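Colleague: I would like the atomic coordinates for the input below:
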Amino acid sequence: MKHIPNTLTLANLLCGSVACILTIIKAPINYILILLLCSLIFDFFDGFAARLTKVSGPFGKELDSLADVVTFGVLPGLLMFTMLGGDDFYTRLNNLTSGFVYNGYIIGLFPFFGLLITLFSAIRLAKFNLDEDQSYYFKGLPTPANTLFIFSLYYIHQNHSFSLLNNIWFLLFITALSCYLLVSNIPLLALKFKNLKWKDNSLIFSFLIICLILLIFLKISAIPILILIYILLSIIFRKKIISDGTKTT
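Modeller: Residues are numbered from 1 along each chain as shown. I've put the predicted structure just below:
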């Protein structure tokens, strides 16, 4: 029983690693989606299993962060790398007409900016491990939420015609925004129920209802909107979130 939490963490790492490989080889996007969803499930239940079996400790905490660096750090970095043109890197490299410039872009540089998301995800995870306040509310955007955000943009980029997602400057802006949100000190709502009473969890219940409605109608395309709503709600109810966290401590 004591090995169940770490086994779930390793399952998260395995799914994340395979998802990275599938992204690199341009596998069907639905396969990547399935693996990402499995990783999210394993990531949720490893902590739950640790509390249930009462075997939580520093080893499990460090292993969880190492797994998350891959699934929720390397994977979104690769997804952004691909959207920035990294999937066509060698083709364009072979068609260079002048140095490292092709069609006005420094092709050897721009796609790799996507990997800044990987670096800032690692910083965010290190901060999370050292900050006890984040047991009660998040400071900055959690890496799983950020990965869902980047994946949803990648999904729209691959399946729909949306001009902004073909604009390299917009994608660089999204990359910079993602990096900022990961390491910012903005207090964000932690989706942890105190009990099942509406009064004590009204903000969480309201957000989940909004999630359900938008996901039914917009499916994966709803995720960028939901992330925006999540951040706006957290900013609007900032004092309540901090106050509730203080009461919990």
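Colleague: give me phi/psi at Pro187?
Modeller: Per-residue torsions, Pro187: phi -70, psi 120 (degrees, to the nearest 10).
Colleague: quick one: it from Asp244, how far?
Modeller: Going from Pro187 to Asp244 by CB to CB, to the nearest Å gives 10 Å. For every residue, glycine as well, the C-beta is placed using N, CA and C.
Colleague: quick one: which of these two has more around it?
Modeller: The neighbour count for Pro187 versus Asp244, taken as other CB atoms under 10 Å, is higher for Pro187 (22 against 18).
Colleague: got the contact list for that one?
Modeller: 137-139, 234, 238, 241-242, 245 (CB atoms under 8 Å, 6 or more residues apart in numbering).
Colleague: nearest to Phe44 among those?
Modeller: Nearest to Phe44 among those is Phe138, at 14.8 Å by CB to CB.
Colleague: do you know how far the closest one is from Lys26?
Modeller: Distance, Phe138 to Lys26, by CB to CB: 33 Å.
Colleague: ok so, going back, can I get the contacts of Pro187 in TSV with distance to Phe128, pLDDT and neighbour count?
Modeller: What follows is the contacts of Pro187, written out as TSV (distance: CB to CB, whole Å; pLDDT from 0 to 100; neighbours: other CB atoms under 10 Å):
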residue	distance to Phe128	pLDDT	neighbour count
Tyr137	12	81	20
Phe138	8	87	22
Lys139	8	90	17
Ser234	16	92	21
Arg238	19	88	15
Ile241	16	82	21
Ile242	17	81	14
Gly245	15	63	17
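Colleague: want to throw those residues into TSV with distance to Ile174 and secondary structure?
Modeller: Shown next, in TSV, are the contacts of Pro187 (distance: CB to CB, whole Å; DSSP: H, G, I helix; E, B strand; the rest coil):
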residue	distance to Ile174	secondary structure
Tyr137	25	coil
Phe138	20	strand
Lys139	21	strand
Ser234	19	helix
Arg238	24	helix
Ile241	25	helix
Ile242	28	helix
Gly245	29	helix
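Colleague: quick one on the thing from earlier: got any residues that touch both of Pro187 and Asp244?
Modeller: Common contact partners of Pro187 and Asp244 (CB under 8 Å, 6+ apart): Tyr137.
Colleague: in the protein, which spans are helices?
Modeller: Counting by DSSP state H, the segments of the chain that form helices are 4-24, 29-53, 58-69, 75-83, 89-93, 116-130, 143-159, 168-183, 202-218, 223-236, 238-248.
Colleague: looking at those, which is closest to Leu191?
Modeller: Taking the helices of the chain one by one with CB to CB, helix 202-218 is closest: 5.6 Å.
Colleague: tell me which residue lies nearest the centroid of the protein.
Modeller: Nearest residue to the geometric centre of the chain (CA atoms, centre = their mean): Thr147, 2.1 Å.
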